[in-house]
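Trainee: Just the structure for this:
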Amino acid sequence: MTTADTPTTAPATAPGASGTQPVSRPAGTRLVNGVFKGGGAKGIAYAGALKAMRERGIWFSSVAGASAGAITASLIAAGMDPDELAGAVPQGLAATRSPIPLRLGKAIIGHASSLFESRGLRDWLNTTLAERIGKPASHAVTFGELFAITRIELYVVAMDLSNGLPVVFCRRTTPTVEIAGAVASSSAIPGAFPPGRGVFHGADDGTVVHQFVDGGTWANYPAFVFQDRSFRAWLLGTSRSGGSWIDADEDAWLREAERPVVGFILGDPEPLEHRQPMGMVPVDGPEVSRRFDQGPTYTSPKRGIYLVGSVLSSDWARLMIGIAMAVWVALNFVTLPIGVRRFSTWLAEWSPDWLYPILLVGSLSVVVLASVATIGVMVLLVAVGRLVADTLVPSFQALMGVPTEVPPWIGLGDDSVVIRVPDVGLKSIDFQVDPAEQVRAIEAAQRSVGTQLDDAVIGGRLAALFDGTAPPPEPFRTGDRPLSEPGNPDRVAVGGVVAAVATTGLIGGLGWWGSNSAGTDGIGTIIVSVIVGLLGGGAALLYVGGRAGARAASRARCGVMAPARRTGAVALVAIAVGVGAVIGGAVVSGWTMSDRSADTVQATVTGAVASTRPDADADDNDNASASANDNDNDNDNDNDNDNDNTYTVQADGVATPLTMISDRHLRLSERVFVRVDEAAGTAELVGALDDGRFGLAVVLWMLGLGAIASGVRRLNWHRRCRRLADLMQQWQQAATPR
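Mentor: Numbers count the residues shown, from 1 in each chain. The predicted structure follows:
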């Protein structure tokens, strides 16, 4: 290390002052090249790591980063000390937030391409950098300008989507590029933030615009900036050919090459896997890979991702979802005439007259569009669902910059020191971090990094790097982390079963009540039951998916052990119970329908007259009478909801028309079930689900199908375990020397 890297006095330069002198550093500061890994909002913890570095008299003359690491690196390059950086980071996080109504509005009109906005982050960073160098807030600070003030080299890594290659922004090759734009592009997590756009120009091939995303998709820990000899040779040649290379640049280049490299990674990378490859599963051999794959689709403990992967990967699940969607679409179209009339009546009761046509047409358009979209989703689900789950979902996750990890061998060589920065309580895309959580995370990082810097091995290596006498690397040992026991794939929580049954009963009861009283009150009840069903069913899916995902992740981490080779007796019992429940549901359903068939017949509505209360307006009668003559008039139900309608029906097998009174709103020519009293000349409307036994049959069917599915799943699990064990036994026998 040269004496120029260890100032003996502190230059008197205040933050924000303009000029060309370097930023202030305490006397005796030892300078290093810093590398900062990406990690989204977890980058808050870097403030604690930098405090520990400053306390030990170590700081940076060159910094490189990707994603959140690029933000930290740019603030260091602006001359911020750790305390200033700790105060600035929450402001940067706040700048990434935008009101949810605004994001939803942009999504509706097609202007939203990501979950969050990057404009706020870009404006905040540019304003911060401009203040540091004494420029107006609107001034776009470039790499060349910042280096001229602080004399700290800044390297920002992003991914160019046009060619899948990294782009390294720095003052040597991109002196006129805006730093805030480059950093925002490097932090553009795919899907979370919109990509940045940069302009490229060539004398021979004109001007083009490229999109940039998170640099972590290519190198989330960009140590290659300082350690890859090929990259350094390219950077040196490109810089010299730019025409602005001077002797001072040559000296700075040599000093940078001599300085130690200290890298910072968030969290602790997994140790090298203690298991070694034994062989490849035969393509045409036994199916053993599914449910064992150690990848995001099957083993992610994140409930949403696991559910998507497991459902789309199951042929039966995709088929059942496809059938359910097809039935839903068919019912939509078959019952649309009845549904339109009843829904229009319900809507007319509470919506103002001027808004009624808009709401009616809009809601019906949504139903039609939803049906069309469902058909498309159904076709895609069945056709390419496995492709999405097995290939596209894992590939997309691998391309996401935030979860990209560094290899476990990073920092084992003798040319750098790597510091693990704990990210206690922080999440990658949680940009609303409580101030107390931020303080705890920063303090935890400061303690941990300080302990690592004081460690004899790390401290000794760092001292040797400063002296130019790096010791040989430590022999690597596989991690000795305790392994948790794999979760039991067959265990089902009693609480989950009780909750599922209770939810099914509640939703079924509401649906039965609404369908059985399908007047205007019934429509409201049906809507409530749908909402409750979505909430309850979604919560149950997340709970079950989370438990299953955790067990799958544990199996992938720990492997499949011998106890998994149990017999399938429990699975066979579950299948038998399920078959019995399905048969019981069929018996109850048949019992209900046979009782009904004894005294019910089908009838056709031939006329309708609304009977009103004495204090009702006369106009109501006129409207109701008009509805009997005009089948297309859907606004005849402005009567008070308490009124009953008198219908004339022609029952099958009965010669004379019958009179029927009901509070439901029926259309002419609608087919209904009735009980006939020929002596009185009347009929009583019978609902399609008017028997409580029918609800019991539905519950039995659902529980039976669930038990059958659970039993089949257990049998498949045991079969795959046996096949995997047999395959391993074959390989071990082949590898045993004779």
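Trainee: Every contact and neighbour count from this point should use C-alpha atoms.
Mentor: Fine.
Trainee: residue contacts, Ala233?
Mentor: Contacts for Ala233 (Cα atoms under 8 Å, 6 or more residues apart in numbering) come out as none.
Trainee: let's go with 10 Å and repeat that
Mentor: Ser239 (Cα atoms under 10 Å, 6 or more residues apart in numbering).
Trainee: again with Phe169
Mentor: 64, 143, 154-158, 175-179, 182-183, 186.
Trainee: Could I get the full set of helices for the stretch 1-150 of the chain?
Mentor: 46-55, 68-77, 82-96, 100-108, 119-132, 143-150 (DSSP state H, counting those that start in this stretch).
Trainee: now Val213, what's its secondary structure?
Mentor: strand (DSSP: H, G, I helix; E, B strand; the rest coil).
Trainee: so who does it touch?
Mentor: 67, 157-161, 166, 182-191, 193-197, 400-401.
Trainee: Same question for Glu55.
Mentor: Pro82, Gln446, Gly450.
Trainee: Ok, Ala130 next?
Mentor: Contacts of Ala130 (Cα under 10 Å, 6+ apart): Gly16, Ala78, Trp124, Pro136, Ala137, Ser138, His139, Ala140, Val141, Thr142, Glu145, Leu146.
Trainee: show me the contacts for the closest residue to the last one other than its chain neighbours.
Mentor: Read that as Leu146. Nearest residue to Leu146, sequence neighbours excluded (Cα to Cα, 6 or more residues apart in numbering): Ala78, at 6.7 Å. Listed by Cα under 10 Å, 6+ apart, the contact set of Ala78 reads 15-16, 23, 72, 128-133, 146-147, 149-154.
Trainee: And the strands in the chain, which stretches?
Mentor: Using DSSP state E, the strands of the chain run over 30-36, 58-66, 153-160, 165-169, 196-202, 206-214, 261-266, 416-421, 601-611, 644-651, 658-662, 671-677, 682-686.
Trainee: which other helices and strands contact the last one?
Mentor: In other words, strand 682-686. strand 601-611, strand 644-651, strand 658-662, strand 671-677 (3 or more Cα pairs under 10 Å, 6 or more residues apart in numbering; DSSP states H and E).
Trainee: just the longest one next, same as before
Mentor: If contacts are counted by 3+ Cα pairs under 10 Å, 6+ apart, strand 601-611 sits against helix 618-629, strand 644-651, strand 658-662, strand 671-677, strand 682-686.
Trainee: about what we covered before: dump the helices and strands packed on strand 682-686 to a markdown table, plus mean pLDDT, distance to Val225 and mean neighbour count.
Mentor: As requested, those are exported to a markdown table (pLDDT from 0 to 100; distance: least, Cα to Cα, whole Å; neighbours: other Cα atoms under 10 Å):
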| stretch | mean pLDDT | distance to Val225 | mean neighbour count |
| --- | --- | --- | --- |
| strand 601-611 | 82 | 81 | 20 |
| strand 644-651 | 88 | 81 | 21 |
| strand 658-662 | 89 | 80 | 19 |
| strand 671-677 | 86 | 76 | 19 |
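Trainee: Figure out which of the ones you listed is closest to Ala383.
Mentor: Proximity to Ala383 (Cα to Cα) singles out strand 671-677 among the helices and strands packed on strand 682-686, at 37.7 Å.
Trainee: Now do that closest one: which elements does it pack against?
Mentor: On a contact count with 3+ Cα pairs under 10 Å, 6+ apart, strand 671-677 meets helix 569-599, strand 601-611, strand 644-651, strand 658-662, strand 682-686.
Trainee: ok, now with 6 Å
Mentor: For strand 671-677, the packing partners by 3 or more Cα pairs under 6 Å, 6 or more residues apart in numbering; DSSP states H and E come out as strand 601-611, strand 682-686.
Trainee: Quick one: closest of those to Ala725.
Mentor: Per Cα to Cα, nearest to Ala725 of these: strand 682-686, 59.3 Å.
Trainee: Please consider this matter closed, and thank you.
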